[in-house]
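Q: Requesting a structural model of the entry that follows:
(4 chains)
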Number of protein chains: 2
Amino acid sequence: MSTPSLSAAPSFSPLYQQIKGLLKASLQGGEWKPGESIPSEIELAQRFRVSQGTVRKAVDELAAENLLVRRQGKGTFVATHAEEETQYRFLRLTPDETEGEGPVGGLQRHLVDCRRLRATVDVARALGLKPGDPVVWLRRLLLSAPAQPDGPATPVVLDDIYLHGQLFKGLSAERMSAYKGPMYRLFEAEFGVHMTRAEEKIRAVAADAAQAAVLQVPQGAPLLSVDRLCFTYGDKPVELRRGVYRTEGHHYRNVLM
Amino acid sequence: MSTPSLSAAPSFSPLYQQIKGLLKASLQGGEWKPGESIPSEIELAQRFRVSQGTVRKAVDELAAENLLVRRQGKGTFVATHAEEETQYRFLRLTPDETEGEGPVGGLQRHLVDCRRLRATVDVARALGLKPGDPVVWLRRLLLSAPAQPDGPATPVVLDDIYLHGQLFKGLSAERMSAYKGPMYRLFEAEFGVHMTRAEEKIRAVAADAAQAAVLQVPQGAPLLSVDRLCFTYGDKPVELRRGVYRTEGHHYRNVLM
DNA sequence: TAGTGGTCTAGACCACATC
DNA sequence: ATGTGGTCTAGACCACTAA
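A: Purely as a prediction, here's the structure:
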C-alpha cells in the first residue's frame, strides 16, 4: 500500500476521518444493530484497504462518542441503552446523600398518558417537522424508592415527551406498559431508534397547579425545568422531552472539564 | 529499545499511562506554567526513553482532559483560562435566543464583597479543610449586557465564592477590582492556581429576601441554585461556589453523550 | 488454541508555523 | 529550511475471552 487512499474519496480529510464517516453511515443504515458486534479491526482494515491502526483511530473516536463499545478479547459492539451501566445514561438526577456518583437508583416508572397529537409550532421546530405533523405524546412520572420499604414513593420527575410521529408509528400505552426495561431500550427494540446524544436547557420555574398536584408540592414551588432534545444517528432530532424535577432530596449533577 | 520499560516503575500499567502520570506530576509541580509550552514529543520521548507514539498517546489523553492544548506546528501548551475560547469554560448559562451554542456574551462583573472568614462545617468539608480554617469569601454579581445600548443591565448571577485560605493568601477586594480578565485567569496569574475540573449540583430554589433584592425578582421567585466544587491539579478542591441564577431569558445548557 | 482488542515501536511522509 | 504536531503504515508482542 504505497499511496494509501480510498478509491473514490474526493474530500480532503484524514483517512481515519473518512473511515469514521463510513462506519457512522453503516450504523445509521442499520448494517449493525445496537448490541451486535461489528467486524474485527482486521476485517475492517481489509474492507477499507487501510492499515489496522487507521481503523483503530476511527473506532477509538466513535467509542469516545459512545456510539461503539470496545471489549477486549470479545470485539467491538454497537452501543445500546440495554446495559446496566448505561440504563439512565441521560438522567442526571441524583439523591443528595449519594457519594458514589451514581444516578438515581430504584426508580419507579408510571405512564400517565399516551396519545397521538399534531405538532405545535415549537415542537415541530425542535423535531424538524412541520406544524401539524403527527407526533406521539407521552406523559410519565418517575418516583424515587421509598425511604422505608413499604413506605410511600415520592414523585420526583414529571416528563412530557414528544416523539417523531413517523418513526414511532405503533407506539401505544399498552406497549409502553408491557415493557419492563428503560424507555430508550424499548425505542431501540421496538422501533430501531437508538438515541446517541442529547442537549438540555435547564431553568428554574414555579410549579403550576397541575404540576404541583402530581409532584405533591405547593403551587408556585420552585421546580427544575429540563428541556431535552434527543438525537439519533446523523444528528436527527427525534424526541423532545420537557421535564420538571423536584429538587428537595435530589439534585441535577454535572461535571465540567 | 528492545524491551521498553521505565527504569524504576514497579506498577503494572501501560507505559503511556505511566508517562501520563509523570506529565501530570510535572504540571502539578509547576515545571511548566499555564500558557507555556511543554517540551516537544521527541524531547519527551528521549527523556522518558520511550517511542514518540507512546508519548503521543499520553499527551492525547491529557489534551482530551483539557490539561494540555495541542497546536499544530507550534507545540503543546499548558491549558489556561486566559484564551478567548475558554474564558467562560465553566459557565453554562446562555441567552435563550442564542443559536450559536456560545456562552453568555458581554457580561459585566461586579464585586459585592470580599472577606477572610473561618470555614463553616460544610465549607470545610467541601474544601478538605477543618472547620475554622481560614477561607476567602467573595460575593459577586454578573449582569447581562443591556438590550439597548445605554439600557439597564439586568443581574443574572449572584455568586458566593469560598476559596482555600492558604492558597489565596493575599487576595483582597482591591486586587480583584484591579484585574480586568476573568477570575480564573487572575487565580492563575496571581496565585498560581489553575482550575482543571469542576462538579456542579443544581437545584431549583425560592429566592430569599436578599437574593430577591439583588437579582431584582420577587421574593420566592424560582432561581437556579448551582453549587460548584472546583479542583486544581491532583484533584485538590480549592473553590466552592454557590451561585443563584435568574433563568428568564437565560438557561443552563448541557450536552449529554 | 485461536481470535479479539490493547500496547509499543520505528520510520515515512504531510500540514502548519516560524525564521 | 527547520521544527512542530498530525497521519499512516507494518509488524511485534501482550492481555483477555471463549471454545
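Q: alpha carbons only for contacts and neighbour counts from here, please
A: Fine.
Q: Quickly list the domain ranges of chain A.
A: If you go by automatic domain parsing, the domain ranges for chain A are A:15-78, A:84-252.
Q: Touching stretch A:124-132 from outside, list them.
A: Contact with stretch A:124-132 is made by A:118-121, A:123, A:133, A:164, A:229, A:237-240, as judged by CA atoms under 8 Å, 6 or more residues apart in numbering or on different chains.
Q: Narrow the residues you listed to just the buried residues.
A: A:118-119, A:123, A:133, A:164, A:229, A:237-240 (16 or more other CA atoms under 10 Å in any protein chain shown).
Q: Can you list which of those residues are found in strands?
A: A:118, A:164, A:229, A:237-240 (DSSP state E).
Q: Measure how buried A:Gln17 is and give me the count.
A: A:Gln17 has 17 neighbours, counted by other CA atoms under 10 Å in any protein chain shown.
Q: Check the secondary structure at it for me.
A: Secondary structure state of A:Gln17, per DSSP: H, G, I helix; E, B strand; the rest coil, is helix.
Q: surely it meets A:Ala58?
A: Yes - contact criterion CA atoms under 8 Å: A:Gln17 and A:Ala58 qualify, at 6.4 Å.
Q: one step back: so which of the contacts of stretch A:124-132 would you say is closest to DNA strand D?
A: Set against DNA strand D, the nearest of the contacts of stretch A:124-132 by CA to the nearest atom of the strand is A:Pro237 (28.2 Å).
Q: Quick check: buried residues in stretch A:151-159?
A: Neighbour-count burial for stretch A:151-159 [16+ other CA under 10 Å]: A:153-159.
Q: Mind putting those residues into CSV with pLDDT?
A: Output for these, formatted as CSV (pLDDT from 0 to 100):
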residue, pLDDT
A:Ala153, 90
A:Thr154, 93
A:Pro155, 97
A:Val156, 97
A:Val157, 98
A:Leu158, 98
A:Asp159, 98
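Q: ok, back up a step: would you tell me which of the domains of chain A gets closest to DNA strand D?
A: Among the domains of chain A, domain A:15-78 sits nearest to DNA strand D (CA to the nearest atom of the strand), with 2.8 Å.
Q: nearest spatial neighbour of the residue of the stretch 101-250 of chain A found nearest DNA strand C, skipping sequence neighbours?
A: Going by CA to the nearest atom of the strand, DNA strand C is nearest to A:Thr196 of the stretch 101-250 of chain A, at 20.2 Å. Leaving aside its sequence neighbours, A:Thr196 sits nearest to A:Thr232 (CA to CA, 6 or more residues apart in numbering or on different chains; 5.1 Å).
Q: was I right about that neighbour contacting A:Phe187?
A: No - counting by CA under 8 Å, A:Thr232 sits too far from A:Phe187 to count as a contact (10.9 Å).
Q: between those two, what contacts are shared?
A: Common neighbours of A:Thr232 and A:Phe187 (CA under 8 Å, 6+ apart) are A:193-194.
Q: What's opposite the residue nearest to A:Thr196 in the beta bridge?
A: Counting by DSSP bridges, A:Thr232 is bridged to A:Lys236.
Q: what's the pLDDT at it?
A: If you check A:Thr232, the pLDDT there is 98.
Q: hey, which helix or strand in chain A has the poorest pLDDT?
A: helix A:173-178 (a mean of 91; mean pLDDT, DSSP states H and E).
Q: Could you export that helix as CSV, CA atoms only?
A: Once non-C-alpha atoms are left out, helix A:173-178 reads as follows in CSV (Å, rounded to 0.1, in the frame of the first residue of the first chain):
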residue,chain,number,x,y,z
ALA,A,173,-49.9,3.0,26.1
GLU,A,174,-50.2,-0.8,26.1
ARG,A,175,-46.8,-1.4,24.5
MET,A,176,-45.3,1.1,26.9
SER,A,177,-46.8,-0.5,29.9
ALA,A,178,-45.9,-4.0,28.8
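Q: Packing partners of it?
A: Applying 3 or more CA pairs under 8 Å, 6 or more residues apart in numbering or on different chains; DSSP states H and E, one finds that helix A:173-178 contacts strand A:107-118.
Q: The strand it packs on pairs with which strands, and in what direction?
A: strand A:134-144 (antiparallel).
Q: end-to-end on stretch A:126-138?
A: Terminal residues of stretch A:126-138 lie 16 Å apart, using CA to CA, to the nearest Å.
Q: starting at the chain centroid, how far to it?
A: 18 Å (CA atoms, centre = their mean, to the nearest Å).
Q: next one: stretch A:130-147
A: With CA atoms, centre = their mean as the basis, the mean position of stretch A:130-147 lies at 14 Å from the chain mean.
Q: again with stretch A:212-221
A: Counting by CA atoms, centre = their mean, stretch A:212-221 comes out at 28 Å from the chain centroid.
Q: quick one: terminal-to-terminal distance for that stretch?
A: Per CA to CA, stretch A:212-221 runs 8 Å from first to last residue.
Q: Flag every buried residue along that stretch.
A: Those would be A:212, A:215, A:217, A:220-221, for stretch A:212-221 by 16+ other CA under 10 Å.
Q: where do the helices sit along the stretch 151-257 of chain A?
A: A:173-178, A:183-191, A:209-215 (DSSP state H, counting those that start in this stretch).
Q: for these, which one ends up most surrounded?
A: helix A:183-191 (a mean of 17; mean count of other CA atoms under 10 Å in any protein chain shown).
Q: Please see if it touches chain B.
A: No - applying CA under 8 Å from any CA of the partner chain, one finds helix A:183-191 out of contact with chain B, separated by at least 13.8 Å.
Q: ok, residues contacting that helix?
A: Outside helix A:183-191, the residues that reach it (CA under 8 Å, 6+ apart) are A:34, A:80-82, A:167-168, A:179, A:193-195.
Q: Relative to the whole chain's centre, how far out is stretch A:19-28?
A: On CA atoms, centre = their mean, the centre of stretch A:19-28 falls 19 Å from the chain's centre.
Q: what comes up buried for it?
A: Buried-residue list, stretch A:19-28, by 16+ other CA under 10 Å: A:19-20, A:23-24, A:27-28.
Q: So which of those residues is the closest to chain B?
A: Taking CA to the nearest CA as the measure, chain B lies nearest A:Lys24 of those, at 15.6 Å.
Q: Please give the element, helix or strand, for that closest one.
A: helix A:15-29 (DSSP states H and E).
Q: who are the neighbours of that helix, in terms of helices and strands?
A: By 3+ CA pairs under 8 Å, 6+ apart, helix A:15-29 packs against helix A:52-64.
Q: go with 10 Å
A: strand A:37-38, helix A:41-48, helix A:52-64 (3 or more CA pairs under 10 Å, 6 or more residues apart in numbering or on different chains; DSSP states H and E).
Q: Now do it against helix A:52-64, angle only.
A: 50 degrees (axes from the mean of the first three to the mean of the last three CA atoms, to 10 degrees).
Q: wait, does helix A:15-29 make contact with DNA strand D?
A: Yes - using CA under 7 Å from any atom of the strand, helix A:15-29 comes into contact with DNA strand D via A:15-17.
Q: Tabulate the residues you listed (JSON lines), appending pLDDT.
A: Listed next are those as JSON lines, based on pLDDT from 0 to 100:
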{"residue": "A:Leu15", "pLDDT": "98"}
{"residue": "A:Tyr16", "pLDDT": "98"}
{"residue": "A:Gln17", "pLDDT": "98"}
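Q: Redo these as JSON lines? Include distance to B:Leu62.
A: Listed next are the residues of helix A:15-29 next to DNA strand D as JSON lines, based on distance: CA to CA, whole Å:
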{"residue": "A:Leu15", "distance to B:Leu62": "24"}
{"residue": "A:Tyr16", "distance to B:Leu62": "21"}
{"residue": "A:Gln17", "distance to B:Leu62": "21"}
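Q: for the most centrally placed residue in chain A, phi and psi?
A: In chain A, the centroid-proximal residue (CA atoms, centre = their mean) is A:Met195; its distance is 3.9 Å. Main-chain torsions, A:Met195, degrees, to the nearest 10: phi -80, psi 120.
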